[in-house]
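Visitor: Below are the sequence and a predicted model; questions follow.
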Amino acid sequence: MHEQSLLRGLMRQIDRVARTENATRVEEVRLRLGALAHISADHLREHFERAACGTVAEGARLVIDVGRDVSEDGAQDIRLESLVVEE
């Protein structure tokens, strides 16, 4: 359940950026997964693929940068770093 909430928020962010950029599709999503984010990169990828179905991010390449430093800012977060969009 927690993952669904995280992904809903992430998909809202992606949608907002895509609309701002007048994008017809998102080609790549780059995320930063904090060291204490309580989800693995593989698990996040599975949930992302399901959440992206039917959105501008469907089929987008997902690049996940996994943090290792538990003391860094955002160590508990999943942060949207960048998008590559098609206009």
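Guide: Good, I have the coordinates. These figures come from a predicted structure and were not determined experimentally.
Visitor: Tell me the residue in the chain that is farthest from the middle.
Guide: residue 71 (21.6 Å; Cα atoms, centre = their mean).
Visitor: State the distance from residue 76 to residue 70.
Guide: 9 Å (Cβ to Cβ, to the nearest Å). For every residue, glycine as well, the C-beta is placed using N, CA and C.
Visitor: Also residue 58?
Guide: 33 Å.
Visitor: before we move on, the earlier item: need the overlap of contacts for residue 76 and residue 70.
Guide: residue 36 (Cβ atoms under 8 Å, 6 or more residues apart in numbering).
Visitor: could you point out which element follows the least confident helix or strand in the chain by mean pLDDT?
Guide: Every helix and strand of the chain was ranked by mean pLDDT, DSSP states H and E. The lowest is helix 2-20, at a mean of 90. Sequence order places strand 25-33 as the next helix or strand after helix 2-20, per DSSP states H and E.
Visitor: quick one: strands adjacent to that next one?
Guide: strand 61-66 (parallel), strand 78-86 (antiparallel) (DSSP bridges).
Visitor: what's next to the helix or strand just after that strand, contact-wise?
Guide: Later in the chain than strand 25-33, the nearest helix or strand by DSSP H and E is helix 41-52. For helix 41-52, the external contacting residues (Cβ under 8 Å, 6+ apart) are 3-4, 6-8, 10-11, 29, 31, 33, 39, 58-60, 62, 64, 66, 78.
Visitor: same check, this time on stretch 60-80
Guide: 6, 10, 13-14, 17, 25-39, 41, 44-45, 48-49, 52, 81.
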